[in-house]
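Participant: 3D model of this:
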Amino acid sequence: MAEITLFPFAQYWWFYLAFLAGVMVLLALDLGVFHREAHEVRFREAATWSIVWVSLALAFNYGLYHFALWKFPQDPRLLAIPGFDAAAAAKETALEFLTGFVVEKSLSVDNLFVFLLLLGAFAVPRELQQRVLLIGVAGALVLRGVFIALGAQLIASFSWGRAVPRVGTPTGTSLTLLTAAVAAEVTVSLTGTAARSV
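Facilitator: Numbering: from 1, shown residues only. Next comes the predicted model:
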């Protein structure tokens, strides 16, 4: 059975656009409103912001689950699949996002040490470290989005034959990995600040 895309771009372009616009608005608020004044970030402030960003990611996951639970039973492409279980697919989609987020968040911990080394090596004043860190994360977001999109397109463009077996269950992996990567990358800047302020 061929793999089914749960969130095809042609049908859900508005969802992808809304997600990216939401991330850009949150970054603009973070850079331009909440952290307009350069200051030394203390542990308590950094921990609070980390909780806010992780909570937003979990709220998105909750919303994604309920959106999929509502939308999948209405999609004729999915209903045409014998034995398709919309509730199970919605749960799998939310679980993929959560798994991607946790993995990305875990992998981002090594960035903390790189940030510490670079900020120390370039003698960035503590009051400017938050701004430098957020600009670096914004650049990482753009590059990560480009490479995930290119990688997904590259994988979809080739028939890999027996090298990579196709799974028979429908997945929304490209959307969930992209959203998890973006959500984890946004939260790493404040987590990095929290660890640095200890």
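Participant: can you pull out the helices in this structure?
Facilitator: 9-29, 43-71, 76-79, 86-107, 109-121, 126-157, 173-196 (DSSP state H).
Participant: just the angle between the first one and helix 126-157, please?
Facilitator: Pointing back at helix 9-29 there. Orientation check (axes from the mean of the first three to the mean of the last three C-alpha atoms, to 10 degrees): helix 9-29 against helix 126-157 gives 170 degrees.
Participant: Check which helices and strands helix 9-29 sits against.
Facilitator: Where contact means 3 or more C-beta pairs under 8 Å, 6 or more residues apart in numbering; DSSP states H and E, helix 9-29 is packed against helix 126-157, helix 173-196. Every residue, glycine included, has its C-beta placed from N, CA and C.
Participant: how about 10 Å then?
Facilitator: On a contact count with 3 or more C-beta pairs under 10 Å, 6 or more residues apart in numbering; DSSP states H and E, helix 9-29 meets helix 43-71, helix 126-157, helix 173-196.
Participant: quick one: low-confidence parts of the chain?
Facilitator: For the chain, the stretches with pLDDT under 70 are 1-2, 35, 159-198.
Participant: quick revisit: ok, which of the helices and strands packed on helix 9-29 comes nearest residue 110?
Facilitator: Closest to residue 110 of the helices and strands packed on helix 9-29 is helix 173-196 (C-beta to C-beta; 10.1 Å).
Participant: Surely residue 145 is in contact with residue 23?
Facilitator: Yes: judged on C-beta atoms under 10 Å, residue 145 makes contact with residue 23 at a distance of 9.2 Å.
Participant: hmm, back to that, dump the helices of the chain to a markdown table, plus mean neighbour count.
Facilitator: Listed next are these as a markdown table, based on neighbours: other C-beta atoms under 10 Å:
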| stretch | mean neighbour count |
| --- | --- |
| helix 9-29 | 13 |
| helix 43-71 | 16 |
| helix 76-79 | 12 |
| helix 86-107 | 18 |
| helix 109-121 | 13 |
| helix 126-157 | 15 |
| helix 173-196 | 23 |
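Participant: nearest to residue 37, of these?
Facilitator: Comparing those under C-beta to C-beta, the one sitting nearest is helix 126-157, at 8.9 Å.
Participant: For the closest one, which helices and strands make contact with it?
Facilitator: Counting contacts by 3+ C-beta pairs under 10 Å, 6+ apart, helix 126-157 is packed against helix 9-29, helix 43-71, helix 109-121, helix 173-196.
Participant: quick one, that helix and helix 43-71 angle?
Facilitator: If you take the same axes, to 10 degrees, helix 126-157 sits at 30 degrees to helix 43-71.
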